[in-house]
Every structure is written in C-alpha cells, then in structure tokens.
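Chemist: give me the fold of what follows.
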Amino acid sequence: MARESVIDDRGALIQFCDLKTEDDLQQARSAVKLHCQDLGFSKVNQTKIVTAASELGRNTIEHGKGGHLTIKKLSVGTNTGIRLVFTDDGPGIENMDLALTDGYTSKKGLGLGLTGSQRLMDEFDIDSRIGVGTIVVVTKWI
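Modeler: Numbers count the residues shown, from 1 in each chain. Next comes the predicted model:
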C-alpha cells in the first residue's frame, strides 16, 4: 500500500492510503485506528470510526474497483476531529436513493455499508457520477 503523509497549509496531518487489495484495507483500518487514538477518541468512537472506514474501504475496493483513502486530522476552533475521504474512479452509483436504503446490496453483503457508515459518523457526504467515480467524505468530532 502506498502511504504518504503530508502537512497541509494549516498544519494538519494528512495521510494517503491506496485501497486496492484486502491487505491495503487492513493497513488503512490500522492507520485510521492509530489516528483516532492519537486524537483521543473514546474506545467506542474509535470502533465506530474504524467500522465505517472498513465498510467504505471495502466498497471502494469492490464496487469502485480500487481507489484511495485520505485521512485528515481536523482542528476547528476548540473542536477536534477526523475526516476520511474515500475516492475511486469506478463506474459510479446508478441509483443513489436505492444505494442509501437500509438493506440494499448490489452484492452479497448485508447492505449496511453506506447507511451504516452514515449513522456511525457525525457528517456524511457522497458524490457519485456514472462513468467517473465516487467520493465519500465522513467526519467524526470528539
């Protein structure tokens, strides 16, 4: 997995992870967990964030044909958080309303990837374009 860390213009750490294989996904989950621990998230919230990362990362690999995860530590005023951005160049999501319905799955899964992740995180945004790809952005605040 290609992993690169940089500091943005506001001094925030950003880490980039490839998401192409199951090994990449495991390493990305570990990276997310370490960032959550460093930021001081409770064990419960660490579990929520890593679970969302796992679900969205698997979607990136399986449905998006691979992509990338960007992990960013956030500091806005007195608020601290973590933002995860999953990006792929896959086929896109044809029916967003259906994809965001609990229980819907286009494969053999439980159909909780997108909706489950949406419930686990404080902020959730998705942009998908047919033939272009999908970007999912999730944020959790302490």
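
Chemist: chain neighbours aside, what residue packs nearest to Phe41?
Modeler: Closest residue in space to Phe41, ignoring its immediate chain neighbours: Ile142 at 6.0 Å, by CB to CB, 6 or more residues apart in numbering. C-beta here means a position set from N, CA and C on the backbone, and glycine is covered the same way.

Chemist: count of neighbours near the one you found?
Modeler: 15 (other CB atoms under 10 Å).

Chemist: quick one, what contacts it?
Modeler: Residues near Ile142 by CB atoms under 8 Å, 6 or more residues apart in numbering: 39-41, 45, 79-81.

Chemist: now do stretch 41-58, average pLDDT.
Modeler: On average, the pLDDT along stretch 41-58 is 96.

Chemist: so which bits of it are buried?
Modeler: 41, 45-46, 48-58 (16 or more other CB atoms under 10 Å).

Chemist: now for the residues you listed: which two are most distant?
Modeler: Comparing every pair within these by CB to CB identifies Phe41 and Arg58 as the most remote, at 21.5 Å.

Chemist: ChimeraX command for the buried members of the contacts of Ile142?
Modeler: The buried residues among the contacts of Ile142 can be selected in ChimeraX (16+ other CB under 10 Å) with this line:
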select :39,41,45,81
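
Chemist: how about the contacts of Ile142, which pair is most distant?
Modeler: Taking CB to CB, the two most distant members of those are Asn45 and Asn79; they sit 13.8 Å apart.
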